[in-house]
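Student: Build me a model:
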Amino acid sequence: MADPLEHEVLKALKSGTGKDTILKNLATPDNKDDLIWYLNNFPTGKGRLENKWINWLLVILLLAVTVNKLYFIALLQLKAISANMFSPMLLLDLIVPAINFFILSKIIRFHRQGYQFMVVLGTLGLIRPENRVMPNLAFYLVIIGLTIFLLLRLFPKQDTLKD
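Tutor: Here you go, the predicted structure:
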């Protein structure tokens, strides 16, 4: 279950309250570190609205790549089963889609961690040879570009709060 402080921060950010104001109003000696962490990892309400459609484009592209990967994993599993070659080790292929769904949940909610993970994992995804053919190559490059763009737009360096 989410922290009540997280709900208060999100509500204040969506209403347009500035991060410094939220810090002054909600900070106590006990919760100051958590509050700064929440404020640095959630964008302002204005940032969410301005970049909502770009974020949804990123979500759709990442979902398309994930569903495509799941489809090919299912084909591989079915072929292995039909040839009596099934091994539980084949289920390890499901780790990548599971991580993608975790990142999707973070990106849908505009969490900074989702964008940071996606930049790293998108770049690492290009190491695998099957991702360096069209259309996967184009998808990965667009995903990496959109993620970096959104990360820089939603979480500018000058908005980062310090202790």
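
Student: Going by C-alpha atoms from here, please, whenever you check contacts or count neighbours.
Tutor: Fine.

Student: Check which residues of stretch 118-132 are buried.
Tutor: Neighbour-count burial for stretch 118-132, counted by 16 or more other Cα atoms under 10 Å, picks out 118, 119, 121, 122, 125, 126, 131, 132.

Student: before we move on, what about stretch 145-158?
Tutor: 146, 147, 148, 150, 151, 154, 155.

Student: any weak-confidence spans in the chain?
Tutor: 1-2, 131, 163 (pLDDT under 70).

Student: Can you pull the domain assignment for it?
Tutor: 4-42, 50-157 (automatic domain parsing).

Student: What strand or helix carries the residue nearest the centre of the chain?
Tutor: Note on the chain: the residue nearest the mean C-alpha position is residue 114, at 2.5 Å, using Cα atoms, centre = their mean. Taking DSSP states H and E as the criterion, the element that holds residue 114 is helix 112-125.

Student: and that helix, what does it pack onto?
Tutor: Other helices and strands packing on helix 112-125, by 3 or more Cα pairs under 8 Å, 6 or more residues apart in numbering; DSSP states H and E, are helix 95-108, helix 136-154.

Student: can you pull the buried residues of whichever strand or helix holds residue 49?
Tutor: Per DSSP H and E, residue 49 falls inside helix 45-50. Across helix 45-50, burial judged by 16+ other Cα under 10 Å covers 45, 47, 48.

Student: Tell me the one of the buried residues of stretch 118-132 nearest residue 60?
Tutor: Taking Cα to Cα as the measure, residue 60 lies nearest residue 118 of those, at 13.7 Å.

Student: Surely the closest one and residue 147 touch.
Tutor: Yes. Between residue 118 and residue 147 there is a contact at 6.8 Å, judged by Cα atoms under 8 Å.

Student: which outside residues touch stretch 123-138?
Tutor: The contact list for stretch 123-138 (Cα atoms under 8 Å, 6 or more residues apart in numbering) reads 65, 140, 144.

Student: The host helix or strand of residue 22 - contacts with which helices or strands?
Tutor: If you go by DSSP H and E, residue 22 is part of helix 19-26. On a contact count with 3+ Cα pairs under 8 Å, 6+ apart, helix 19-26 meets helix 4-14, helix 32-41.

Student: what's the most buried one of those?
Tutor: Neighbour counts (mean count of other Cα atoms under 10 Å) averaged over each of the helices and strands packed on helix 19-26 peak at helix 32-41, with a mean of 18.
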